[in-house]
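Colleague: What would the 3D arrangement of this be:
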Amino acid sequence: MTIEETFIKDLLILSPSVFADDRGYFLESYNKKALTFKLDLNFVQDNESMSQKGVLRGLHFQKPPFSQGKLTRVITGSVLDVVVDLRKESPTYGKHFKHILSDKNKTQLYVPKGFAHGFLVLEDNTIFSYKCTNYYHKEAEESLLWNDTALNIDWNIEHPIISEKDKNAENFANFVSPF
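Modeller: Sure thing, here's the model as predicted:
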């Protein structure tokens, strides 16, 4: 597995070694030893969603003490995975990073605590999976508006399919970071 640092501190792209032959392929999607040199992780929950092309989920996060780190990946299909740094003391506060995760490139994104996370589904029947470092707590969940002009995220879509919760998410200008 190769681990690539991004321009945002602690945000990592993981590329597993893929062993393929005429039967198919094998890959190790997670290995705690491979990441412990960088991070002290304890994943406690795995989540999976299936969505159709054009669905946009996010930008979601959980407030402390229930904040979550996530290791995201796509099992089938592809997504544009997007994160926003919400850590007040970070030099990249309010900046975003995007990366395509797919069943073809098999890359993963490690998203630390203190980030809002969302994704746009690029293919029908896409299965998105992620490991979390904390359990889900509904009362701690918040969202930022996916198309907020202050965040300036180019999702490359004008009318995604979004939930009511995401339509009514908070503007970044009004946001007071708990991180």
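Colleague: low-scoring stretches of this protein, by residue?
Modeller: For the chain, applying pLDDT under 70 flags the ranges 36-40.
Colleague: 90 instead?
Modeller: Within the chain, the stretches with pLDDT under 90 are 1-3, 27-42.
Colleague: Strands of that one, start to end?
Modeller: Using DSSP state E, the strands of the chain run over 2-5, 12-15, 18-21, 24-27, 45-51, 56-62, 70-76, 78-85, 96-102, 108-111, 115-121, 126-132, 141-143.
Colleague: Of all those strands, which one comes closest to I157?
Modeller: strand 115-121 (6.2 Å; C-beta to C-beta). No exception for glycine: its C-beta is placed from N, CA and C like everyone else's.
Colleague: Which elements pack onto the closest one?
Modeller: Packing partners of strand 115-121 (3 or more C-beta pairs under 8 Å, 6 or more residues apart in numbering; DSSP states H and E): strand 56-62, strand 70-76, strand 78-85.
Colleague: Measure how buried the closest residue to F19 other than its chain neighbours is and give me the count.
Modeller: With sequence-adjacent residues excluded and distances taken as C-beta to C-beta, 6 or more residues apart in numbering, F19 is closest to F26, at 4.8 Å. Applying other C-beta atoms under 10 Å, we find 11 residues neighbouring F26.
Colleague: cool, and the one 4 residues further on?
Modeller: As a burial measure, the neighbour count of Y30 was computed by other C-beta under 10 Å and equals 16.
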